[in-house]
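1. here is my input; please provide its structure:
(one chain, ligands or ions: 1)
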Amino acid sequence: YATIGIIGAMQEEIKLLLEQMEGTQSEQHAGLTYYRGTFHGRKVVLTQSGVGKVNAAVCTQVLIDRFGADVVLFTGVAGAVDPELNIGDIVISASSLQHDVDVTALGFPRGTIPYQAVSEYPSDEGLVRLAQAAGEKVFPGRCRTGKVLSGDQFIADRAVVRGLYEELGGACTEMEGASVAQVCHMNGIPHVIIRSMSDKADGSAHVNFADFTVEAADRSFAIVSEIVQSL
Ligand code: ADE
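-> Residues are numbered from 1 along each chain as shown. Below you'll find the predicted structure:
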């Protein structure tokens with residue numbers, strides 16, 4: 001890969017990487033800031049997409065079109081959906097799906113975008129393997145691979161999060177990953193999403209998110225740093 005695109009939604013999710021990049025130059029497009037530079041000797045473009053699927057989608061298309069990103073890594077925090085996951089654990093995307101797409105009234109399954117070949121976007125298998133190896137090295141026993149569920153909703157309810165697990169088989173939930181995956185899929189660009197758990201998407205989610213986001217974001221970055229070194 002010649003140009004590695006790296007996206008985080010919030011300032012906390014890009015902070016360490018931005019500090020560690022070299023020769024950094026910034027540019028604005030569509031209201032977002034893109035940082036070109038090098039990291040572990042590789043050419044990277046880092047951006048803070050902002051929160052939500054539309055921000056992340058626009059950001060990804062700009063990364064591909066204007067910066068020539070030929071691989072996209074997403075780094076950040078998520079709410080745990082699989083009850084076996086604890087705060088700080090890491091999910092590597094096997095695939096991702098937009099859980100808030102609901103055309104069930106017309107008979108389409110929850111999460112399915114009508115008249116489209118795929119609604120669950122597989123991550124690049126090679127990137128998943130590199131991420132798994134990175135995870136085993138950096139946080140042994142704390143990483144797993146699973147389905148990332150994205151929606152324009154902060155989930156903070158036990159019944160809702162149980163539904164995401166039982167109906168959609170999600171590992172974690174966040175607000176950007178599957179839209180990045182969709183744009184990458186539409187452009188034929190490989191991607192993987194790395195998410196560290198800041199909360200359990202339940203009644204305590206808002207408190208845990210506030211307390212654990214910085215630590216969780218830093219753990220996700222540690223994996224991304226290792227991936228970039230092995231790309
Ligand atoms: N990001 C981190 N925690 C989240 C949650 N509970 N819901 C949606 N996005 C999140």
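
2. does any bit of the helix ranked longest in the chain sit next to the ligand?
-> Longest helix in the chain, counting residues (DSSP state H): helix 205-230. Yes - Helix 205-230 reaches the ligand (C-beta under 6 Å from any ligand atom) through 205, 209. C-beta here means a position set from N, CA and C on the backbone, and glycine is covered the same way.

3. skipping adjacent residues, who's closest to residue 229 in space?
-> Excluding its sequence neighbours, the residue lying closest to residue 229 (C-beta to C-beta, 6 or more residues apart in numbering) is residue 40, at 4.9 Å.

4. show me the contacts for the one you found.
-> Taking C-beta atoms under 8 Å, 6 or more residues apart in numbering, we find residue 40 in contact with 225, 228-229.

5. the residue in the chain positioned nearest to the ligand: helix or strand, and which one exactly?
-> The minimum distance from the chain to the ligand, using C-beta to the nearest ligand atom, falls at residue 79 (2.7 Å). Here residue 79 sits within strand 71-80, counting by DSSP states H and E.

6. so where do the strands sit in the protein?
-> Using DSSP state E, the strands of the chain run over 4-8, 22-29, 32-39, 42-48, 71-80, 90-98, 120-122, 143-150, 172-174, 191-199.

7. TSV please, covering those and showing mean pLDDT and distance to residue 221.
-> As requested, these are arranged in TSV below (pLDDT from 0 to 100; distance: least, C-beta to C-beta, whole Å):
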stretch	mean pLDDT	distance to residue 221
strand 4-8	98	8
strand 22-29	97	16
strand 32-39	98	11
strand 42-48	98	11
strand 71-80	98	6
strand 90-98	98	11
strand 120-122	98	23
strand 143-150	98	14
strand 172-174	98	15
strand 191-199	98	9
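
8. for those, which one sits closest to residue 106?
-> With C-beta to C-beta as the criterion, residue 106 lies closest to strand 90-98 of those, at 16.3 Å.

9. quick check: angle from the closest one to strand 143-150?
-> 30 degrees (axes from the mean of the first three to the mean of the last three C-alpha atoms, to 10 degrees).

10. show me what strand 90-98 is packed up against.
-> Applying 3 or more C-beta pairs under 8 Å, 6 or more residues apart in numbering; DSSP states H and E, we find strand 90-98 packed against strand 120-122, helix 125-138, strand 143-150, helix 177-187, strand 191-199, helix 205-230.

11. could you measure from residue 33 over to residue 194?
-> Taking C-beta to C-beta, to the nearest Å as the measure, residue 33 falls 21 Å from residue 194.
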